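Colleague: Sharing a sequence plus its predicted fold:
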Amino acid sequence: MKDILLHLLVSFGYAGLSFFLWRDALTPAAAQNVSTRSPWAHFALVFPLGLHALLLFRGVFDGDALYLGVGTAISVIIWLTVLIYWAWSFFYRLEGLQVLVVPTAAVLSLLPLALPAVHPLTNTHLAAFKAHLIISLLAYSLFTIASLHVLMMAVMGRRLHRGNLPQFMQNLPPLLTMERLLFRIIFAGFVLLTMTLGSGILFSEELFGKPMQFNHKTVFGFLSWIIFGAMLAGRALYGWRGRVAMRWTLAGFLSLVLAYIGSKFVLEILLQR
C-alpha cells in the first residue's frame with residue numbers, strides 16, 4: 001500500500017506540474033510574465049524527480065537481488081530521460097520540451113504497478129553486468145529524448161510553414177539549432193549503444209551465463225545500431241537533415257524499443273518467464 005501511494009504521489013507530482021506547464025504554454029504572451037515562468041517550473045521538477053528516484057531504488061534493489069521488470073525498466077528510462085533533460089536545461093533553451101517530457105513521465109511512472117518485476121535478474125553481482133545495464137539504460141534514455149525532440153521539431157516545422165507557432169514553441173531555439181542538438185544527442189546515444197552491444201558480444205557468457213544468441217533482442221538491437229550509424233554517416237557525408245533525419249530517428253528508436261522493451265514484454269508478460 002505504501003508503494004502504491006508513493007507511485008501515485010510521483011505521478012500526481014508530474015501531472016500537477018504538467019497542468020501548470022500546459023496552462024502557461026497556452027496562455028498568450030501578453031497575459032503572462034515569461035521571465036518568471038521557467039525558473040520555478042525548472043526547480044519544481046526536482047520534487048517528483050527525487051521522489052521518483054527513491055521509489056525506483058526501493059523497487060529495483062532488494063537485498064543482493066536486482067529486480068528490473070518491463071514496467072520498472074520503462075520507469076527507469078523515463079526517469080533518466082527527465083533527469084538528463086533537467087540537467088541540459090541549464091545549458092540549452094528547452095522550456096518548450098517540458099510539455100512533452102513531464103506528462104509522459106506522469107503516465108509511465110505508474111507502469112511498475114501494472115507490470116511489476118516478478119523474477120530477479122541473474123549475474124547482478126558482477127561489476128561488468130552493472131556497467132552494461134547502466135550504459136544500456138542511458139542509451140535508451142538519450143534516444144527517448146531524441147524521439148521526443150524529433151516530434152517537437154516536426155510540429156514546430158509544420159506550424160512555422162503555416163505561420164501559426166504556439167506560444168510555448170516560441171521559447172524553443174530555432175529549428176537549425178534544435179537539429180544540431182538532435183544529432184549531438186544521437187551521437188552520444190550511438191556511442192553508448194555501441195558500448196552496450198560491444199560488451200554484450202565480448203562478455204556475453206560472463207554477463208548472461210550463455211554465449212551470444214541471434215534472437216529477437218539481438219537482431220533488433222543491431223538493426224537500431226545500423227540505422228543510427230547510417231543516419232550519422234549520412235549527416236556527415238551528405239548533410240542529411242529535416243524529414244530524413246526525423247524518419248531515421250523514429251525508425252531507430254522503434255527498433256530499439258522492440259529489442260529491449262518488446263523482448264522483456266514477451267518474456268515476462270506473455271510467456272511468464
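Modeller: Okay, I see it.
Colleague: for Phe253, what are its contacts?
Modeller: Counting by CB atoms under 8 Å, 6 or more residues apart in numbering, Phe253 makes contact with 143-144, 146-147, 224. All C-beta atoms are positioned from the backbone trio N, CA, C, and that covers glycine.
Colleague: what residues are up against the nearest residue to Gly234 once chain neighbours are set aside?
Modeller: Of all residues not flanking Gly234 in the chain, Trp240 sits nearest, at 4.0 Å (CB to CB, 6 or more residues apart in numbering). The contact partners of Trp240, by CB under 8 Å, 6+ apart, come to 231, 234, 248.
Colleague: before we move on, back to that, with neighbour count added, can I get the contacts of Phe253 in TSV?
Modeller: Output for the contacts of Phe253, formatted as TSV (neighbours: other CB atoms under 10 Å):
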residue	neighbour count
Phe143	27
Thr144	26
Ala146	26
Ser147	22
Ser224	26
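Colleague: So which of the residues you listed sit within helices?
Modeller: Taking DSSP state H, the ones among the contacts of Phe253 that sit in helices are 143-144, 146-147, 224.
Colleague: Look up how far Gly252 lies from Thr144.
Modeller: 12 Å (CB to CB, to the nearest Å).
Colleague: Check Met169 too.
Modeller: Distance of Met169 to Gly252, given as CB to CB: 25 Å.
Colleague: neighbour-wise, which of these two wins?
Modeller: Gly252 (26 against 17; other CB atoms under 10 Å).
Colleague: Going along the chain, name the helices of this structure.
Modeller: So, for the chain - with DSSP H - the helices run 2-26, 34-44, 46-60, 70-88, 98-108, 111-114, 127-162, 175-202, 204-208, 216-238, 242-257, 263-265.
Colleague: And those: which comes nearest Pro120?
Modeller: helix 46-60 (9.9 Å; CB to CB).
Colleague: ok now that closest one, how far from the chain's centre?
Modeller: Computed by CA atoms, centre = their mean, to the nearest Å, the chain-centroid distance of helix 46-60 equals 16 Å.
Colleague: Now do the domain split for this structure, please.
Modeller: Domain assignment for the chain, taken from automatic domain parsing, gives 1-121, 123-273.
Colleague: ok, back up a step: now the helices of the chain in TSV, with mean pLDDT?
Modeller: Conversion of the helices of the chain to TSV gives the following (pLDDT from 0 to 100):
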stretch	mean pLDDT
helix 2-26	83
helix 34-44	63
helix 46-60	89
helix 70-88	88
helix 98-108	88
helix 111-114	86
helix 127-162	84
helix 175-202	88
helix 204-208	60
helix 216-238	89
helix 242-257	87
helix 263-265	59
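Colleague: Turn those helices into CSV, columns for distance to Pro120.
Modeller: Formatted as CSV, the helices of the chain follow (distance: least, CB to CB, whole Å):
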stretch, distance to Pro120
helix 2-26, 17
helix 34-44, 35
helix 46-60, 10
helix 70-88, 12
helix 98-108, 22
helix 111-114, 15
helix 127-162, 12
helix 175-202, 20
helix 204-208, 14
helix 216-238, 19
helix 242-257, 24
helix 263-265, 14
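Colleague: Quick one, which of those gets closest to Leu121.
Modeller: helix 127-162 (8.0 Å).
Colleague: Quick check: the gap between Pro174 and Arg180.
Modeller: In terms of CB to CB, Pro174 sits 10 Å off from Arg180.
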